[in-house]
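**Q** Prediction below, plus the sequence it came from.
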Number of protein chains: 2
Amino acid sequence: MRKKRVRTWGVLSHSCDELPLASGGNVFTWMNRVSTRQKITIKDVAREAGCGIATASRVLNRSGPASAEVRERVEKAAGELGFSFSAIGRALQSSRSMTIGCLVPSLANPVFAEAVQGVQEALTGSGYQLLIASSNYDENADNDAIATLLAKEVDGLIVTMAAPDSSVMLKRARQRGTPVSLMFHDPIDGLPTAHVDNFEAAREVARRFADLGHRRTAFLALRFATSDRSRNRYAGFHAECRARGLPDPALIELSEAEANTPELLSSILATLDGLSAVFASNDFLAIAVQKAAQLMGKRVPRDLSVVGFDGIEIGRLLEVPLTTIETAPDAMGRQAARTLLDLMQGGACIQQPPLPFNFRAGGTLAPPRVESRDDDQGATWPPSVHSLKTDLKQG
Amino acid sequence: MRKKRVRTWGVLSHSCDELPLASGGNVFTWMNRVSTRQKITIKDVAREAGCGIATASRVLNRSGPASAEVRERVEKAAGELGFSFSAIGRALQSSRSMTIGCLVPSLANPVFAEAVQGVQEALTGSGYQLLIASSNYDENADNDAIATLLAKEVDGLIVTMAAPDSSVMLKRARQRGTPVSLMFHDPIDGLPTAHVDNFEAAREVARRFADLGHRRTAFLALRFATSDRSRNRYAGFHAECRARGLPDPALIELSEAEANTPELLSSILATLDGLSAVFASNDFLAIAVQKAAQLMGKRVPRDLSVVGFDGIEIGRLLEVPLTTIETAPDAMGRQAARTLLDLMQGGACIQQPPLPFNFRAGGTLAPPRVESRDDDQGATWPPSVHSLKTDLKQG
DNA sequence: TTGTATGCGTTATCAA
DNA sequence: TTGATAACGCATACAA
């Protein structure tokens, strides 16, 4: 016999003990349940209704025949006892947890938070709940999280992680037959994904820059190593510059500190002579760049053009609205959830086309100042220390 | 005998069927498991190791004695089989799900998203996972969500909701003995909460306004009905104005559309003659107000002072940094999680003091223009249609 | 040191 | 139309 663990509530200012013990009706039965703290199972309902548990189950689930009279008794008993099914018992018996695991790098990044919110929305009414995990952009944490989610026997997985293509746990998930749907990633390894075409979107930015006459450009990113999104954006940006015979854009990977400290950021930008346009890997970075430019005495977009990525709402409301690539993280979440739901219902794995992006004009993009128009004027363009290999894709 | 449901993976572009069937080693056993898709239980491990399940359990959990040799066999078997415990089986047996339920209005609001991220952080390493739900600010959805969470037998609950003090399901949670910890709410009904003192913070804003000579002020909020936070902020703001003998601040509740459309917002602000300072219930709103002011040809802070609430990071980076009350949603999440962990370990329910807030000076607050300095000059101050009752707290 | 048997809450089977 | 019973995966009391 296992001993019942009785949890103590500790000292509450309005503890239940203060309630009058002998008061009738609701409060009294309420007290009863509180003091015993017994969990009410279908067995209790059956006993109270004077029937077998199978019958009670059938009635409460409407899953089989039952005479009108016993049905009534069962429903009454369940109501009075405040019975509700244990999802755990159910999960064990049905081997379906009715739970979906979701892994994102961090909820502190509104892009992921909105995506998860989108997942939630698509899941409401489906009967599935969301078990959530975040890895803080750490590859090991990614795998640990998936392992835990799998141990909880989630019925499906919605994932954004550092390295989905090489994750052992993700492979394990598929071995177990747990459907997986990706968010933000490019299609990988036969896993369906809800994404935008980062490569194409970035090419669009390069095109705009080039059309206006920009030559010296830079791409700023925060976590190049753990973000295939950033890498794809840079690849597309770079590819288009190449295709047009323009100089390779400088690739600058910032630390958290550099991104959040305008002073640091401006000193980095200052090393880039002749720079006339910056493509930031996300809108926050783009706004930080503007602040940094302000510190350097440069005006946006007159002295420096800045384009962001994501299309966060607040960019619209800035004094000079941010030029950016609009995406819809919530739509991404919704699509990922729908795809997973489909998969779990035995549907075929069909990869949806990338979700659309939209170039939002804003006011932070303009032609470069005339003086920087001319070309190979010498040695001022440094082979940036931050620069990485450039042929990431289609290079 | 229940029939095993075999889930089909559908048509994947790189389906496992494409892998060579007869290739040896890893791939082969991998295939094996894939094709059978049987879940490996401790029973399998025991059989493989040639011992009883109790022994296997003891070895794998290090929960009891075991000879070195059997220990080795069990661990080997577990490794080869790729065994991992089923959290569901465990939960059923131990009546602890190792899962914590978390309810917030929406993850699309970065304040809540950050708080949840804080919860996550405080939970890592604890062994608990987060089951998350969002209500979209709907009171009924709040209760439904808690009901579902309770059905999943969460070991604890972290909650931000529309009406915690009158929620039947929250009461039910306590009846069941499920520890509850609140976020963002003021202390209520003996439930511990992680919060900032909205009332005091708002008084601080009123004080700053008053000290600079502002008289005609307004409070802008988005969801007054479902947000005790907003109500408390208004109450504090109002109380301090009263205490100083200043006119009651106008209370303006905006619709989503009004808040996001600067044109609408400016037309609303235009109805407030003599208005010299606006206190917005959150930073996004404050930024929207600035945009609206810009549209009206007013300059901030010269013609209109604006103060926000929350202290989102981006406010710092604006061309003119937002004056606001800084709070730390992630700290709120962490505290709520720690409190809950404590409670679940049988700790007493002790209410932590409110988390500190900080008035961030920024650049959107300045003295009013001199012309609006004089007092009862007549009928221009309308008894705003949006105005609500004012005596919410401490009058 | 080990293994058998029981129960956790549920649903499905099957005989009444 | 009913109800006893066997799983489901695990941990543990208890007997060996």
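**A** Yes, it's here. Since this is a predicted model, take the numbers as computed values, not measurements.

**Q** Quick check, residue A:319 in contact with residue B:294.
**A** Yes. With contact defined as CB atoms under 8 Å, residue A:319 and residue B:294 form a contacting pair (6.5 Å). All C-beta spots, glycine's among them, are computed from the backbone N, C-alpha and C.

**Q** Mind giving me the packing neighbours of whichever strand or helix holds residue A:203?
**A** In this assignment (DSSP states H and E), residue A:203 forms part of helix A:198-212. Contacts defined by 3 or more CB pairs under 8 Å, 6 or more residues apart in numbering or on different chains; DSSP states H and E place helix A:198-212 against helix A:228-243, strand A:277-280, strand A:305-310, strand A:323-326, strand A:358-360.

**Q** These: which one's closest to residue A:342?
**A** helix A:228-243 (24.0 Å; CB to CB).

**Q** would you put the C-alpha positions of that closest one in PDB?
**A** Taking only C-alpha atoms (Å, rounded to 0.1, in the frame of the first residue of the first chain), the coordinates of helix A:228-243 have been written out as PDB:
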ATOM      1  CA  ASP A 228      19.600  28.800 -40.300                       C
ATOM      2  CA  ARG A 229      17.200  31.700 -40.900                       C
ATOM      3  CA  SER A 230      20.000  34.200 -40.500                       C
ATOM      4  CA  ARG A 231      22.300  32.100 -42.700                       C
ATOM      5  CA  ASN A 232      19.700  31.800 -45.400                       C
ATOM      6  CA  ARG A 233      19.100  35.500 -45.300                       C
ATOM      7  CA  TYR A 234      22.700  36.300 -45.700                       C
ATOM      8  CA  ALA A 235      23.000  33.700 -48.500                       C
ATOM      9  CA  GLY A 236      20.200  35.300 -50.400                       C
ATOM     10  CA  PHE A 237      21.500  38.800 -49.800                       C
ATOM     11  CA  HIS A 238      25.000  37.800 -50.800                       C
ATOM     12  CA  ALA A 239      23.800  35.900 -53.900                       C
ATOM     13  CA  GLU A 240      22.000  38.800 -55.300                       C
ATOM     14  CA  CYS A 241      24.900  41.200 -54.700                       C
ATOM     15  CA  ARG A 242      27.100  38.800 -56.500                       C
ATOM     16  CA  ALA A 243      24.700  38.300 -59.400                       C
END
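
**Q** Just the angle for it relative to strand A:305-310, thanks.
**A** Relative orientation of helix A:228-243 and strand A:305-310, computed by axes from the mean of the first three to the mean of the last three CA atoms, to 10 degrees: 140 degrees.

**Q** Format the helices and strands packed on helix A:198-212 as a markdown table; extra columns: distance to residue B:150, mean pLDDT and mean neighbour count.
**A** Conversion of these to a markdown table gives the following (distance: least, CB to CB, whole Å; pLDDT from 0 to 100; neighbours: other CB atoms under 10 Å in any protein chain shown):
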| stretch | distance to residue B:150 | mean pLDDT | mean neighbour count |
| --- | --- | --- | --- |
| helix A:228-243 | 38 | 97 | 23 |
| strand A:277-280 | 44 | 98 | 28 |
| strand A:305-310 | 36 | 98 | 27 |
| strand A:323-326 | 40 | 98 | 24 |
| strand A:358-360 | 42 | 98 | 16 |
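
**Q** quick revisit: what's downstream of the helix holding residue A:203, the next helix or strand?
**A** As assigned by DSSP H and E, the chain's next helix or strand after helix A:198-212 is strand A:217-221.

**Q** Serialize the helices and strands packed on helix A:198-212 to CSV and add fields for distance to chain B.
**A** Converted to CSV, those look like this (distance: least, CB to the nearest CB, whole Å):
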stretch, distance to chain B
helix A:228-243, 18
strand A:277-280, 12
strand A:305-310, 12
strand A:323-326, 14
strand A:358-360, 15
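
**Q** And chain B, is the helix or strand that residue A:119 is a member of touching that?
**A** For residue A:119, the enclosing helix or strand under DSSP H and E is helix A:110-123. Yes. Shown here: helix A:110-123 in contact with chain B (CB under 8 Å from any CB of the partner chain) through A:110, A:113, A:114, A:116, A:117, A:120, A:121.

**Q** Of those - the most surrounded one?
**A** Tallying neighbours with other CB atoms under 10 Å in any protein chain shown puts residue A:116 at the head of the residues of helix A:110-123 next to chain B, with 31 neighbours.

**Q** Check whether that one really touches residue A:102, as I assumed.
**A** Yes. Under the contact definition of CB under 8 Å, residue A:116 touches residue A:102, with a separation of 6.2 Å.

**Q** which residues do those two both contact?
**A** Both residue A:116 and residue A:102 are contacted by A:130, A:132, under the criterion CB atoms under 8 Å, 6 or more residues apart in numbering or on different chains.

**Q** what about the residue in the stretch 1-150 of chain A that DNA strand D sits nearest to, neighbour count?
**A** In the stretch 1-150 of chain A, the residue that lies nearest DNA strand D is residue A:52 (2.5 Å; CB to the nearest atom of the strand). Counted by other CB under 10 Å, the residues lying close to residue A:52 total 13.

**Q** Show the contacting residues for it.
**A** For residue A:52, the contacting residues are residue A:46, by CB under 8 Å, 6+ apart.

**Q** do that again at 10 Å, thanks
**A** Shown in contact with residue A:52 (CB atoms under 10 Å, 6 or more residues apart in numbering or on different chains): A:43, A:46, A:58, A:70.

**Q** how far away is the nearest residue to the first one once chain neighbours are set aside from DNA strand C?
**A** If the residues on either side of it in the chain are set aside, residue A:43 comes closest to residue A:53, at 5.6 Å by CB to CB, 6 or more residues apart in numbering or on different chains. In this structure, residue A:53 lies at 5 Å from DNA strand C, with CB to the nearest atom of the strand, to the nearest Å as the measure.

**Q** Could you do residue A:96 as well?
**A** 10 Å.

**Q** CA atoms only for stretch A:106-123, dumped as PDB, please.
**A** Coordinates of the C-alpha atoms in stretch A:106-123 are reproduced here as PDB (Å, rounded to 0.1, in the frame of the first residue of the first chain):
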ATOM      1  CA  SER A 106      13.100  31.500 -26.600                       C
ATOM      2  CA  LEU A 107       9.800  33.100 -25.800                       C
ATOM      3  CA  ALA A 108      11.600  36.300 -25.100                       C
ATOM      4  CA  ASN A 109      11.900  36.700 -28.800                       C
ATOM      5  CA  PRO A 110       8.500  38.000 -29.900                       C
ATOM      6  CA  VAL A 111       8.700  36.300 -33.200                       C
ATOM      7  CA  PHE A 112       8.700  32.900 -31.600                       C
ATOM      8  CA  ALA A 113       6.300  33.900 -29.000                       C
ATOM      9  CA  GLU A 114       3.800  35.000 -31.700                       C
ATOM     10  CA  ALA A 115       4.400  31.700 -33.500                       C
ATOM     11  CA  VAL A 116       3.600  29.800 -30.400                       C
ATOM     12  CA  GLN A 117       0.500  31.900 -29.900                       C
ATOM     13  CA  GLY A 118      -0.500  31.000 -33.500                       C
ATOM     14  CA  VAL A 119       0.000  27.300 -32.600                       C
ATOM     15  CA  GLN A 120      -2.200  27.800 -29.600                       C
ATOM     16  CA  GLU A 121      -4.900  29.300 -31.700                       C
ATOM     17  CA  ALA A 122      -4.800  26.600 -34.300                       C
ATOM     18  CA  LEU A 123      -5.000  24.000 -31.500                       C
END
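
**Q** Residue A:133 looks like it's in a strand, true?
**A** Yes. With DSSP: H, G, I helix; E, B strand; the rest coil as the criterion, residue A:133 is part of a strand.

**Q** hang on, it packs against residue B:119?
**A** No. Residue A:133 lies out of contact with residue B:119 (CB atoms under 10 Å); the separation is 11.8 Å.

**Q** okay, and the common contacts of those two?
**A** Taking CB under 10 Å, 6+ apart as the contact rule, the neighbours common to residue A:133 and residue B:119 are residue B:130.
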